[in-house]
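Colleague: Sharing a model prediction with you, sequence too.
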Amino acid sequence: MSLLQASQEVDSSFDNIPVIDLKDIGNKDQATRQRLVQEVRDACMQVGFFYVKNHGISDEVVQAAYLASKELFALPEDIKMEIEYKKTPNHMGYSPLLSSNNDPQNAGDLMEGFEFGYEPTEKKGGGVDGVRDDGITVANIWPANSPGFRETVLQYYHAALGVGELLFPLFALALDLPENFFEDKTRHSAALMKLLHYPPQVGEVDERIMGIGAHTDWECFTILWQEPEIQALQVLNNDKEWIKAPPLPGTLVINLGDQLARWTNDVFKSTVHRAVNRSGMHRYSIPVFVGTDYNVPLEPIASCVSGDRPPKYEVITAGDYVKSRFKAAYGQ
Ligand SMILES: O=C(O)CCC(=O)C(=O)O
Ligand SMILES: [Fe+2]
């Protein structure tokens, strides 16, 4: 069945998020690979979200990033504000509570964050990397007097990039494209990592106050680590029901973003989601947003367009798209 035919028959009234085991990802056996690709295709068409287990990021690397994140957010507010995102041209750095607003219906997101883009682990200090001088990842900003912080979080970042490199060929195969379709479009690691902290929300439930309001992600896909045992993430299905995406031990959440929806003319779903922390405890999460290089135009692939299904989106480069979404979320 062609992609478009399959897409017409898709039922997106899911009530849970599929789990995909990556243990066979290096297995070259045709049938094994085909099974994995089919699982990815179904998840991308029906849900836009899936968990991965056996993803290859070690517990040590995850734990170290988690602890570094907790330590960062525990710093006094005035210290954190020294690296506020407004001090960079590209919104990297610290964003205090309520500084972003992902859902225009809401008053702001009740979370604080710290965001950075590509840097090799060995480089000392943040700064300009000529290859990526694209207006988005030109300047990271790092907390002063936090020894080891930069190295620790970059270690996680690079491990997540490795997961991304495993996933791109699967997405390509799931779209009936050559396995290496994304290779020349992802040479510069246009990935941003964000540490997030959601303080507990207590008291009366107000639907307009979310940790992060309803939104879609902006890149190709997001690799999300969630704090164990705290339910916060919710995913919207086609029946407009919020489906819980609880943390499952040992897994990461993969969710598709708008770039893949644009590449595929919505054959793959960039699904609306939100998070709210009513657990009474502090919650931390770590998304890594993986996209195509910022100069790459997001042109719908031929197998996702037909006379009945004309292109839904104007062509825009990945970079311009991400910039426009930053502007909308931060109001500048
Ligand atoms: O913290 C979470 O579970 C979700 C975060 C998220 O959706 C985002 O940062 O785009
Ligand atoms: Fe998101």
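Modeller: Received it, and whenever you're ready, just let me know what you need. Ligands and ions are numbered 1, 2, ... in the order given.

Colleague: OK, contacts around residue 330?
Modeller: Counting by CB atoms under 8 Å, 6 or more residues apart in numbering, residue 330 makes contact with 85, 91, 95, 99-100. Bear in mind the C-beta positions are built from the backbone N, C-alpha and C, glycine included.

Colleague: Would you format the residues you listed as CSV with secondary structure included?
Modeller: CSV is the format used below for the contacts of residue 330 (DSSP: H, G, I helix; E, B strand; the rest coil):
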residue, secondary structure
85, helix
91, coil
95, strand
99, coil
100, coil
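
Colleague: Which of the residues you listed are buried, as a ChimeraX select command?
Modeller: Selection of buried members from those for ChimeraX, criterion 16 or more other CB atoms under 10 Å:
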select :85,91,95,99,100
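
Colleague: between the contacts of residue 330, which is nearest residue 181?
Modeller: Using CB to CB, residue 91 is the member of those that lies nearest residue 181, at 29.4 Å.

Colleague: From residue 78, how far off is the residue of the stretch 151-300 of the chain found nearest ligand 1?
Modeller: Ligand 1 sits closest to residue 285 of the stretch 151-300 of the chain, with a gap of 3.5 Å, by CB to the nearest ligand atom. Distance check for residue 285 against residue 78: by CB to CB, to the nearest Å, it reads 25 Å.

Colleague: Any idea what the residue of the stretch 151-300 of the chain closest to ligand 1 is bridged to?
Modeller: residue 196, residue 226 (DSSP bridges).

Colleague: Could you tell me what pLDDT the model assigned to it?
Modeller: Looking at residue 285, its pLDDT is 98.

Colleague: unless I'm mixing things up, it is touching residue 228, no?
Modeller: No - with contacts counted by CB atoms under 8 Å, residue 285 stays clear of residue 228, the gap being 10.8 Å.

Colleague: Show me which of residue 285 and residue 78 is the more surrounded one.
Modeller: residue 285 (26 against 7; other CB atoms under 10 Å).

Colleague: quick one: which helix or strand includes the spatially most central residue of the chain?
Modeller: The residue lying closest to the centre of the chain (CA atoms, centre = their mean) is residue 222, at 2.2 Å. Assessed by DSSP states H and E, residue 222 sits inside strand 221-226.

Colleague: before we move on, back to that, if I read this right, the residue nearest to the centre of the chain contacts residue 254, doesn't it?
Modeller: Yes - between residue 222 and residue 254 there is a contact under CB under 8 Å: 7.1 Å.

Colleague: got the buried residues for stretch 83-90?
Modeller: Of the residues in stretch 83-90, those buried (16+ other CB under 10 Å) are 83, 85, 88, 90.

Colleague: any idea how far the closest residue to residue 208 other than its chain neighbours lies from residue 99?
Modeller: For residue 208, ignoring the flanking residues on the chain, the nearest one in space by CB to CB, 6 or more residues apart in numbering is residue 106 at 5.1 Å. According to CB to CB, residue 106 stands 13 Å off from residue 99.

Colleague: Then residue 219?
Modeller: For residue 219 relative to residue 99 (CB to CB), the value is 20 Å.

Colleague: pLDDT value on residue 140, please?
Modeller: The score at residue 140 is 92. That number is its pLDDT.

Colleague: Same question for residue 171.
Modeller: With respect to pLDDT, residue 171 has a value of 98.

Colleague: Give me the buried positions along the helix or strand hosting it.
Modeller: Taking DSSP H and E as the criterion, residue 171 maps to helix 149-174. Judged by neighbour count (16+ other CB under 10 Å), helix 149-174 contains these buried residues: 149-150, 152-161, 163-164, 167-174.

Colleague: Check stretch 49-63 too.
Modeller: Within stretch 49-63, the residues scored as buried using 16+ other CB under 10 Å are 49-52, 55, 57, 61-62.

Colleague: Pipe those into CSV and attach pLDDT per row.
Modeller: Listed next are those as CSV, based on pLDDT from 0 to 100:
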residue, pLDDT
49, 98
50, 98
51, 98
52, 98
55, 97
57, 98
61, 98
62, 98
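
Colleague: Farthest-apart pair in the residues you listed, please.
Modeller: Of all pairs drawn from the buried residues of stretch 49-63, the one with the longest distance (CB to CB) is 49 and 61, at 23.1 Å.

Colleague: Show me what the worst-scoring helix or strand of the chain on mean pLDDT is packed against.
Modeller: Between all helices and strands in the chain, the lowest mean by mean pLDDT, DSSP states H and E belongs to helix 3-8, at a mean of 85. With contacts defined as 3 or more CB pairs under 8 Å, 6 or more residues apart in numbering; DSSP states H and E, helix 3-8 has these neighbours: helix 30-46.

Colleague: low-scoring stretches of the stretch 51-200 of the chain, by residue?
Modeller: Scanning the stretch 51-200 of the chain for pLDDT under 70 picks out the ranges 122-138.

Colleague: Output the set of residues of it in proximity to ligand 1.
Modeller: Applying CB under 6 Å from any ligand atom, we find that the stretch 51-200 of the chain lies next to ligand 1 at 194, 196.

Colleague: let's see 8 Å
Modeller: Within the stretch 51-200 of the chain, the positions lying close to ligand 1 (CB under 8 Å from any ligand atom) are 102, 111, 113, 194, 196, 198.
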